[in-house]
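S.K.: Below are the sequence and a predicted model for it; my questions follow.
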Amino acid sequence: MTMNRADAPDRTSASWERPLLEILTLVLRGRSVEDTLTAIIKSVESLYPGSVCSVLVADPGSGVLRPSVAPSLPLEYLQAIATVPI
């Protein structure tokens with residue numbers, strides 16, 4: 001399922017302030033891409049209860065999407081989608 005702005009609950013910029021500062025701090029401290037993406041995903045999931053997020057990376061060699069960061073998705077699901085062609 002994909003959410004667009006019209007479907008999203010109303011969120012003020014103030015609710016994003018703390019998560020954005022935390023994410024920027026990770027970037028400025030040189031944390032890994034995985035740590036930074038995990039922080040982004042967890043922030044979105046906390047601001048939108050019931051949502052489950054992930055970042056997938058296209059693997060042109062195999063023609064599939066590979067899960068990169070998906071802290072809330074079950075391993076079985078991640079393994080299943082790792083073989084679906086794009």
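M.R.: Structure received.

S.K.: And residue 18, how far from residue 47?
M.R.: Residue 18 sits 10 Å away from residue 47, taking C-beta to C-beta, to the nearest Å as the criterion. Every residue, glycine included, has its C-beta placed from N, CA and C.

S.K.: now swap in residue 71 and tell me
M.R.: Distance, residue 71 to residue 47, by C-beta to C-beta: 15 Å.

S.K.: Please apply the same query to residue 39.
M.R.: Taking C-beta to C-beta, one finds residue 39 at 13 Å from residue 47.

S.K.: which residue ranges form the helices in the protein?
M.R.: 13-28, 33-47, 75-81 (DSSP state H).

S.K.: just the ones you listed: most buried one?
M.R.: helix 33-47 (a mean of 16; mean count of other C-beta atoms under 10 Å).

S.K.: who does that one touch, helix- and strand-wise?
M.R.: helix 13-28, strand 64-69 (3 or more C-beta pairs under 8 Å, 6 or more residues apart in numbering; DSSP states H and E).

S.K.: Pull out the buried residues from the shortest one.
M.R.: Under the neighbour-count criterion of 16 or more other C-beta atoms under 10 Å, strand 64-69 has 64, 65, 67, 69 buried.

S.K.: so which of the helices and strands packed on helix 33-47 gets nearest residue 51?
M.R.: helix 13-28 (13.7 Å; C-beta to C-beta).

S.K.: That closest one: how far from the chain's middle?
M.R.: Its chain's C-alpha centre and that of helix 13-28 lie 15 Å apart, by C-alpha atoms, centre = their mean, to the nearest Å.
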